[in-house]
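> Based on what follows, work out the 3D shape:
(one chain, ligands or ions: 2)
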Amino acid sequence: MELDDVRSTAKEMLDKLGRVVIGFREEQRFLLAAMLANGHVLMEGVPGIAKTTLVRAMARLLGLSEDRVVEINGVQYRGFSRIQFTPDLLPSDITGSMIYNPATRDFEPRLGPIFAYMVLADEINRAVPRTQSALLQAMQERQVTIGGVTYQLEYRGEGKFFLVFATQNPVEQEGTYPLPEAQLDRFLMRIIMGYPESMEDEKNVYRLHMGRLTEPLEDLEPLVEPGWLVEAQEAVVKLVEVPEDVIDYVTRLLRATRPSIFEPVSRYFDLGASPRAGIALIRAAQAFAVIRGSSSVEESDVNEVLFPVLNHRLMPNIDRVVEYEEKDRYAARVRVIREGLEFVRKNLV
Ligand SMILES: Nc1ncnc2c1ncn2[C@@H]1O[C@H](COP(=O)(O)OP(=O)(O)OP(=O)(O)O)[C@@H](O)[C@H]1O
Ligand SMILES: [Mg+2]
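Residues are numbered from 1 along each chain as shown. Ligands and ions are numbered 1, 2, ... in the order given. This next block holds a predicted model:
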């Protein structure tokens, strides 16, 4: 596939998405960029702001409706599946288990909802850590083992991708289990979504739903086959150039987030970003460059994806968080991280 094909289809996707999800233009670009970089996404935001709608709309454009099933090497994969995380959800409710079949007097595998192209893991922080780990491990390895047999969740040769979209409510409630920082970096991006930005956007949401009881996204027709994404991913990673000065820029940025290397940043971060974060940043910037319409990464592409790629991989300075919490209880951590990344960019040597 040529980069021009990726670019024109990506543009069309964003146009169509924009018709069923009002506002969130930037978030829609981030989501598409993450998918083009083969990265899982954590979406954070209060209920009712179109997180599910955005992911379902994307699935439909890729020809992946809820009822589509694709069989590869004798294993059935759903187009799109959704798992509601609750405190009593077990790891086997995600991956699957061996069940006894009285007819054959034998155990046979019952494959779980993770056998899908796109998995929406709703309210991931409500499940116990053991269950969260089962999902995070499958995300990382892109395979699961059931009854001693290992199954692939991704088959690139067959055009089968595997991407997880997890949602999380930032308002910490009782009985939630925040994902450990060390596991958060399984997600390429954490996209933070708020309420509609303007009055006009919000009115448009209501107008969109006026005079109908069904979801507008149900009108979306598939734009491509699911295999398109796998080919597009290959094109992005292989054909989008990353010039030496951009590698240099990313390296300096990353090092400047680390208090042990750049002492002044300790005002913002207790712990900086790892090399894994740098790899993620470059991949995401490559995808973003294509969406922007270029075949070469520029510093501005890195800047665009800097926050969604790094915000969940940095540990904010706790004193500063406490100071901000007095003003805004929920947004304090994110605010410190945002300011810290601004500071890093402005003070790069
Ligand atoms: N910006 C928006 N554009 C279009 N529709 C929207 C927007 N915000 C909310 N809606 C509509 O509001 C309803 C709720 O959206 P959705 O289910 O996607 O929210 P959610 O963020 O997934 O919430 P929850 O956390 O409760 O699952 C849907 O009918 C959706 O179409
Ligand atoms: Mg939802």
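
> The closest residue to Val265 other than its chain neighbours and Pro109, how far apart?
Leaving out its chain neighbours, the residue that sits closest to Val265 by CB to CB, 6 or more residues apart in numbering is Pro259, at 5.7 Å. All C-beta atoms are positioned from the backbone trio N, CA, C, and that covers glycine. Between Pro259 and Pro109 the distance, using CB to CB, to the nearest Å, works out to 48 Å.

> I'd say Phe107 and Gly147 touch.
Yes: applying CB atoms under 8 Å, one finds Phe107 in contact with Gly147, separated by 6.6 Å.

> Mutual contacts of these two, please.
Applying CB atoms under 8 Å, 6 or more residues apart in numbering, one finds that Phe107 and Gly147 are jointly contacted by Met98.

> Double-check Val230 against Arg156; I have them as touching.
Yes: applying CB under 8 Å as the test, Val230 and Arg156 come out as touching, 5.4 Å apart.

> Look at those two and report which has more neighbours.
Neighbour count, other CB atoms under 10 Å: between Val230 and Arg156, Val230 has more, with 20 against 16.

> wait, what's in contact with that one?
Arg156, Gly159, Lys160, Phe161.

> any idea how far ligand 1 is from Met58?
12 Å (CB to the nearest ligand atom, to the nearest Å).

> Name the nearest residue to the closest residue to ligand 1 within the stretch 101-250 of the chain, sequence neighbours excluded.
For the stretch 101-250 of the chain, the residue closest to ligand 1 is Val205, as judged by CB to the nearest ligand atom, at 4.4 Å. Across the structure, with CB to CB, 6+ apart as the measure, the residue nearest Val205 apart from its sequence neighbours is Ile22 (4.8 Å).

> what about the closest residue to Asp185 other than its chain neighbours, which SS state?
Closest residue to Asp185 in three dimensions, ignoring its sequence neighbours and counting by CB to CB, 6+ apart: Arg313, at 5.2 Å. Secondary structure, DSSP: H, G, I helix; E, B strand; the rest coil: Arg313 is coil.

> again with Leu213
The three-state assignment at Leu213 reads coil, by three-state DSSP.

> Just give me the residue right at the centre of this structure.
Per CA atoms, centre = their mean, the C-alpha nearest to the average position across the chain is that of Val41, at 1.0 Å.
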